[in-house]
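Peer 1: My questions concern the predicted model and sequence given below.
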Amino acid sequence: MTRIAILQMTSGIDPQENLAAIEGAAEKAAAAGAKVLFTPEMSMLLDRDRKRAAGLINPELVAELQEQLTHCAKRFDIDIALGSMAVPGDGDRYANRSMYFDRNCPGPVDPVTYDKIHMFDVELSTGETWRESGAYRPGTEVVTVENTPVGRIGLSVCYDMRFPALFEELGKRKCDVIAVPAAFTVPTGKAHWHVMLRARAIEASAFVVAAAQVGQHADGRETYGHSLVVDPWGEVLLDMGGDEAGLAFCDIDLGRIEEVRAQIPSLANRRDIPRSPNQ
């Protein structure tokens, strides 16, 4: 068994306060024997006021936060899978970037990074409207992290979970764990969160670890919570609920992956589907 830690957060508009929450969780998680700490999407800053946020999404602050997280991983001897943070991108748009900090990397080595591919551009029946592409540019690369304490980790962010092709590719790459950090809205969370994450775990025959934002945030939004760990069979091993932030642990058996892949060899049985002649 390998112990992992999941941090459910109510991130606000002060990056240093959010960083302090992660540092505190890393210390507690390492003391409890966890090897990897998973955090939610937009762990360092959750602010829909774009003018205010723009003053905090700059190369200097991002570099400082990244350095502090690198130090945190080394200090407490725990890998940190930072769900994501906003970083400067090309032109006038940012990137929603996931980062993996390896506690064993020598010196000032940059983390493995993944930029969210699918942008959350929706109009909900509740009246909520989101245009992520207005502020963020989509990523273009599928990314995995090799040789972690839980094997090969595939990286994704939130809305990516609605696109099975990404998870099919991560399954083809034989990921052991897929990280799905999120800041889900309450209406879509109630309708789709659990069923989609279970489906993605089953499709990829891998563990899914989904650290989530929860509750009322300083910028006025409300997020669904229910950070989950799902095993390759689709069984929910951990559900942190939708009431409050906190730290939780889950012991995962990596041997379960091969058991499931041997029992239901869907990855091995996969065949290419012919495209429509109109595509």
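Peer 2: Okay, I see it.
Peer 1: For residue 175, pull up the helix or strand it's in.
Peer 2: For residue 175, there is no host helix or strand (DSSP states H and E).
Peer 1: now swap in residue 154 and tell me
Peer 2: strand 151-155.
Peer 1: List the contacts of that strand.
Peer 2: When contacts are defined by C-beta atoms under 8 Å, 6 or more residues apart in numbering, strand 151-155 is touched by residues 81, 98, 100, 112, 114, 142-146, 167, 170, 173-179, 204, 206, 254, 257. Where C-beta positions appear, they are placed from N, C-alpha and C, glycine not excepted.
Peer 1: who are the neighbours in contact with the closest residue to residue 172 other than its chain neighbours?
Peer 2: Using C-beta to C-beta, 6 or more residues apart in numbering and skipping residues adjacent in sequence, the residue nearest residue 172 is residue 267, 6.7 Å away. Contact partners of residue 267, counting by C-beta under 8 Å, 6+ apart, are 171, 172, 174, 204, 205, 261.
Peer 1: May I ask which two of those are separated the most?
Peer 2: Distance extremes for those: the farthest pair is 172 and 261 at 12.2 Å, using C-beta to C-beta.
Peer 1: out of the two, which sits in the busier spot?
Peer 2: More crowded of residue 172 and residue 261, by other C-beta atoms under 10 Å: residue 261, with 18 against 12.
Peer 1: Can you classify that one as helix, strand or coil?
Peer 2: Each residue gets one of three states, and residue 261 gets helix by DSSP: H, G, I helix; E, B strand; the rest coil.
Peer 1: Was I right to think it contacts residue 205?
Peer 2: Yes: with contact defined as C-beta atoms under 8 Å, residue 261 counts as touching residue 205 (4.8 Å).
Peer 1: Find residues that contact each of those two.
Peer 2: Residues touching both residue 261 and residue 205 (C-beta under 8 Å, 6+ apart) are 232, 267.
Peer 1: what's the closest non-adjacent residue to residue 210?
Peer 2: residue 180 (4.2 Å).
Peer 1: Using the three-state scheme, assign the spatially closest residue to residue 124 that is not a sequence neighbour.
Peer 2: Distance criterion C-beta to C-beta, 6+ apart; nearest residue to residue 124, sequence neighbours excluded, is residue 187 at 5.8 Å. Here residue 187 takes the helix state, with states given by three-state DSSP.
Peer 1: so how many other residues sit close to residue 187?
Peer 2: Each residue near residue 187 was counted by other C-beta under 10 Å, and the total is 14.
Peer 1: Please apply the same query to residue 270.
Peer 2: 12.
Peer 1: so what pLDDT did it get?
Peer 2: Looking at residue 270, its pLDDT reads 77.
Peer 1: swap in residue 107?
Peer 2: 66.
Peer 1: Which residue ranges of the stretch 1-150 of the chain form strands?
Peer 2: Using DSSP state E, counting those that start in this stretch, the strands of the stretch 1-150 of the chain run over 2-8, 36-38, 79-88, 94-101, 112-115, 121-123, 129-131, 144-148.
Peer 1: which strands and helices sit next to the second one?
Peer 2: In this structure, strand 36-38 packs against strand 2-8, helix 15-31, strand 79-88, with contacts taken as 3 or more C-beta pairs under 8 Å, 6 or more residues apart in numbering; DSSP states H and E.
Peer 1: Touching that strand from outside, list them.
Peer 2: 4-7, 22, 25-26, 29, 78-81, 83, 148-150, 179, 181, 209, 211.
Peer 1: Mind doing that once more with 6 Å?
Peer 2: Strand 36-38 has contacts (C-beta atoms under 6 Å, 6 or more residues apart in numbering) with 4-6, 26, 29, 78-81, 149-150, 209, 211.
Peer 1: Next: the first one.
Peer 2: Residues from elsewhere that reach strand 2-8 (C-beta under 6 Å, 6+ apart): 25, 29, 33-39, 149-150, 211-212, 214, 225, 227, 240, 245-252.
Peer 1: from the middle of its chain, how far away would it be?
Peer 2: How far strand 2-8 lies from its chain's middle: 12 Å, per C-alpha atoms, centre = their mean, to the nearest Å.
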